[in-house]
Each structure stands twice: as structure tokens, then as C-alpha cells.
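[1] Return a 3D structure for these sequence lines:
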Amino acid sequence: MDLSKGNIEGGTDNIVPMMRDHRKGNWTLQETMVLIEAKKMDDERRMKRLWGDGGERGKPTEPRWKWVEDYCWNSGCLRSQSQCNDKWDNLMRDFKRVREYEIRRLAEKDEEKKYYSYWGMEKNQRKENNLPPNMLSQTYDALVEVVERKCPTAAAAAAVMSGGGGGAGGSSALMLLTFPSSQTLPSVDSDTSEYSDSPAKRKKTRSTLEEVSCAISKSATMIAEAIQACEEREEKRHKKVVSLHETRLRIEESKVETNRQSINGLVDAINKLANSILALAANSHHKNQPNTSK
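    The predicted model follows:
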């Protein structure tokens, strides 16, 4: 049981305090999809606040997972902010492993080793490849949309890697990505075109494109790791806030229980005192009856 704020519709306006009895147990697919949609909406809300769009900048800040809980609650997903936070951490951990596997599979499709798609594997094959046992394609696609909205440059790099890393796609990705200052990319001379008749020039061009693809892959990995580290730090802060909130609720409940017991004790004492006074009055009345008859 949690003391939370009620209805939201596109935000947290017109909130009404209410007691929430959160659902326990495994998450259903519908609940998971609602959580992903809530996280996507929250990211958009935070970006608007960051850039000051739509008058969001002047509004007071609100804990991320509290907003997500309110959105989920009003969409039929009766989970607490702590449950939403933990579920999202698990989703992103599994998503990252599947995503990295799929990118690696597409990048190495021409190698001798044969890679199967995650969704074409049996459970034992997924376990052998250190992959989550039961991520649904519907969940994965929804998470891809959320991640690509937050990091379009990493998504572009992943698309280039899945296409082999060459051609016009490679050039467009290079325009999007920001490479480390210590890392320089090899240039492709116009005389070493892939259409040149010289085998040596074709080999040099192929080697250059492989180096470009490798550089893109490394940069995309660095971006993804930086975003993940930032997310983890933020999640830790939110967990601390949630923990403090729960501790405060427990203290308030303890105070209420203590007051209730004190009032009950006071009522019992008053009742005993009243019974004693009535008994004393009755005894005094009986003692005075013979004197009255005389």
C-alpha cells in the first residue's frame, strides 16, 4: 500500500492523493508495453524541459519514476515506481545483450562462422551464447524505438554496421558521429575507387572501408557505454529517492500506529476510571440506606 497521487492525463496536473495497492508478481506483455510507452513519453517530456519547448521549462521538476508510475497507473498497469525502475533495468540489460549480438551477427555474416538470428534460436542455443532466454520481438522492437529516439547517432552507426560499413551509408554516418580527437580516420582517395582496374587499389580501398567500419563500431560502442553509464547514475539517484520516500512512509505509518495505541490505552483507562467511580457510588449508596430508614 502506497500513498501516491492520482490521475494524470499527459502529465501530472489535477492530481488527487489516493492510496494505491500495487500489483505483485510477474509482468504481463501488456504491462511491459505500457512501461516502455511511459518511458518513451518521459524521455520526450524531459527533452522538452531541457530545450524549453512547449512551456515545460517553467514547470517544477518531478522524480522520473514517479511520473512513469502515474502514467502506467492511468494506463492500467498497477505497478509502483520501484517496480517500474527494476523492470526497466532488467529490460535494458536483456535488450543490450540481444542488440549487441544482432549487430555482431550482421557485421560478420560473410565470415565462416554462421550466426543465427536470436529469434531463430532454441532456448539452449540462446543460453550457449549468453543471451536472455525469452525476449519477445514485440518488446525488442519497442525498445529499439526508445533507444533510437534518445541516440540517433548510435542508431545510424548500427545501421551502417548491419549494412557492411561501406558506400554512401558509411559517409552519412561519419557526418553524424563525433570521433575521439586521438583517433583519425583513413582518407579514401578518388584515384583508389572500387571501380579501379588495379587489384592493389581495390585491396587498399577494401582495407580502408574496413578500418572506417571498425572506427564507426568503436565510436558507436563508446556512445552507447556513455549513455548507459549516465542512465545507471541517474537510476541510482532515483532509487535513493524512492528508498527515502518508502522510509518516510514507514515512519508515518509507525507514528499513526503509535497514536492509535495511545488513544486506545487512554480510552481503556477512562473506562476503568468510570467503572471505579460507579462502583464507589454504588457502595456509598448501600451504606447510606440503613441510616435513611431509621
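[2] Spatially nearest residue to V242 (excluding sequence neighbours)?
    S82 (5.1 Å; C-beta to C-beta, 6 or more residues apart in numbering). For the C-beta atoms, the positions are set from N, CA and C on the backbone; glycine is no exception.
[3] which of the residues in the strand or helix carrying that neighbour are buried?
    When elements are assigned from DSSP states H and E, S82 belongs to helix 81-107. For helix 81-107, a neighbour-count test (16 or more other C-beta atoms under 10 Å) marks 81-85, 87-88, 91-92, 94-95, 97-99, 101-103, 105-107 as buried.
[4] Distance-wise, check the residue nearest to V242 relative to W88.
    To W88, S82 is 11 Å away according to C-beta to C-beta, to the nearest Å.
[5] just so I have it, where are all the helices in the stretch 101-250 of the chain?
    Secondary structure of the stretch 101-250 of the chain by DSSP state H, counting those that start in this stretch: the helices cover 123-128, 137-150, 152-162, 167-176, 199-293.
[6] Kindly compare burial across those helices and name the winner.
    Highest mean neighbour count among those (mean count of other C-beta atoms under 10 Å): helix 152-162, with a mean of 20.
[7] Low-confidence stretches in the protein?
    For the chain, the stretches flagged by pLDDT under 70 are 1-18, 52-62, 109-115, 151-204, 290-294.
[8] neighbouring contacts of stretch 89-102?
    Outside stretch 89-102, the residues that touch it by C-beta atoms under 8 Å, 6 or more residues apart in numbering are 32, 35-36, 117-118, 129-132, 135, 139-140, 143-144, 147, 158, 224, 228, 231, 235.
[9] before we move on, what SS does M19 have?
    What DSSP: H, G, I helix; E, B strand; the rest coil gives for M19 is strand.
[10] Can you report how many residues lie near it?
    Other residues within reach of M19, judged by other C-beta atoms under 10 Å, total 9.
[11] That one bridge partners, please.
    For M19, the beta-bridge partners are L3 (DSSP bridges).
[12] residues contacting the residue nearest to V242?
    Per C-beta under 8 Å, 6+ apart, neighbours of S82: 65, 239, 242, 246.
[13] Okay, the third one and E235: tell me how far apart.
    By that I understand V242. Distance from V242 to E235, counting by C-beta to C-beta: 10 Å.
[14] Mutual contacts of those two, please.
    The contact sets of V242 and E235 overlap at N85 (C-beta under 8 Å, 6+ apart).
[15] Now tabulate the contacts of S82 in a markdown table and tack on distance to S254.
    Putting the contacts of S82 into a markdown table (distance: C-beta to C-beta, whole Å) gives the following:
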| residue | distance to S254 |
| --- | --- |
| W65 | 25 |
| K239 | 22 |
| V242 | 19 |
| E246 | 13 |
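[16] Farthest-apart pair in those, please.
    The span of those, defined through C-beta to C-beta, is set by W65 and E246 at 12.3 Å.
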